[in-house]
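**Q** kindly return the folded structure for what I paste below:
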Amino acid sequence: MKAQALIDGASYGPEALHAICQAFDEAWADIAGHFAGDPLSEEKARLSLAEAILSVATETSRDVQVLKHAGLQVMALNYRSQSLGGSQGRKLTCRDW
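**A** Sure thing, here's the model as predicted:
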């Protein structure tokens, strides 16, 4: 998947990369239901989440929960300006997650 390739291709040390991957997996588990049944929206959402988490990650990132929450916040802020095209066409916010 493109999201995993984006994370795997990032230049971080092994500990930071482990935390980033775990944060992505946990965050995706929390929001995946919002995109179920629409493979295109699901892939866009996964890519958006990966980009959001990478945007807040640093080489010293080790706290999975901080990365997860910060990534979800960035993703929610992005939803305010654009929707990933959910079937209802409504924009999601942090309250939806």
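
**Q** how close does the most centrally placed residue in the chain get to residue 5?
**A** Computing the C-alpha centroid of the chain and ranking residues by C-alpha atoms, centre = their mean puts residue 49 first, at 1.8 Å. Residue 49 sits at a distance of 14 Å from residue 5 (criterion: C-beta to C-beta, to the nearest Å). For every residue, glycine as well, the C-beta is placed using N, CA and C.

**Q** I'd say the residue nearest to the centre of the chain and residue 73 touch.
**A** No. Here residue 49 lies out of contact with residue 73, judged by C-beta atoms under 8 Å, at a distance of 11.4 Å.

**Q** what about the strands in the chain?
**A** Counting by DSSP state E, the chain forms no strands at all.

**Q** which stretches of this protein have low pLDDT?
**A** For the chain, applying pLDDT under 70 flags the ranges 1, 3-4, 6-10, 81, 83-97.

**Q** one more time with 50
**A** Within the chain, the segments meeting pLDDT under 50 span 84, 86-97.

**Q** please name the residues that touch the residue nearest to the centre of the chain.
**A** 3, 24, 27-28, 31, 71-72, 75 (C-beta atoms under 8 Å, 6 or more residues apart in numbering).

**Q** the helices in the protein, which residues?
**A** 2-8, 14-31, 39-56, 64-81 (DSSP state H).

**Q** check which residues of the third one are buried.
**A** Of the residues in helix 39-56, those with enough neighbours to count as buried (16 or more other C-beta atoms under 10 Å) are 41-42, 44-54, 56.
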